[in-house]
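# just to be clear, the model below is a prediction. Sequence and coordinates:
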Amino acid sequence: MNKNDKKIIINAFQEKVVSVLKQNGFTGRFPHFRKIKENQIYLLSIQFDKWGGGYRICLSKCPAQTIKDLLKRDVEPQKATAWHFGDRYTSDWFRYDYASEDKIQQVAGNLALQSVEFLNVAKHYWEGRLVQRQSKWLILKTKLGDLISLKKQTSH
């Protein structure tokens, strides 16, 4: 993975995904987009892996009036991002760290298309037909807790 990989990924995302967002009424610029409706704002933000090699799409929504972030601060509708709110739905990671230098363009294009496909999931989330996802860590922690509790119950 080289330093230009992230730029190639962003360019592919902007070419293929941002145009779809704009066609569907979203405003903003990379990495934060919003669609302001009469009663609700749909939010989409891109988060890159801090160690490199991947990104994910984070979704949130909020009322169109009197927006308060997690710290109860006022947020202007035109500046709201998915990071302002605790109720978020995130995609799995879109990884590109495995791509060789000669394949990064192809991988970037494929990830952009997968991101466009994820917008169907996003639509379900914004319309309230999909609940917030639990992180894999939280699911694992819950399962381990259940397993420990079960073991304690059976050992008595």
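Thanks, I have the structure now. Being a predicted model, the structure only gives us computed values, none of them experimental. Numbering: from 1, shown residues only.

# then Tyr55 would be within a strand, right?
Yes. According to DSSP: H, G, I helix; E, B strand; the rest coil, Tyr55 belongs to a strand.

# pLDDT score for the nearest residue to it once chain neighbours are set aside?
Of all residues not flanking Tyr55 in the chain, Phe48 sits nearest, at 4.8 Å (CB to CB, 6 or more residues apart in numbering). All C-beta spots, glycine's among them, are computed from the backbone N, C-alpha and C. Phe48 carries a pLDDT score of 95 in this model.

# surely Phe48 touches Phe13?
No. If you go by CB atoms under 8 Å, Phe48 and Phe13 don't touch, sitting 10.7 Å apart.

# counting neighbours, go ahead and name the busier of these two.
Remark: of Phe48 and Phe13, Phe13 carries more neighbours, 21 against 16, as counted by other CB atoms under 10 Å.

# name the helix or strand for the more buried one, please.
Taking DSSP states H and E as the definition, Phe13 sits inside helix 5-13.

# residue contacts, the residue nearest to Ala108 when sequence neighbours are not counted?
Once flanking residues are discounted, Ala108 sits nearest to Ala12: 3.7 Å by CB to CB, 6+ apart. Each residue near Ala12 by CB atoms under 8 Å, 6 or more residues apart in numbering is listed here: 105, 108-109, 111-112.
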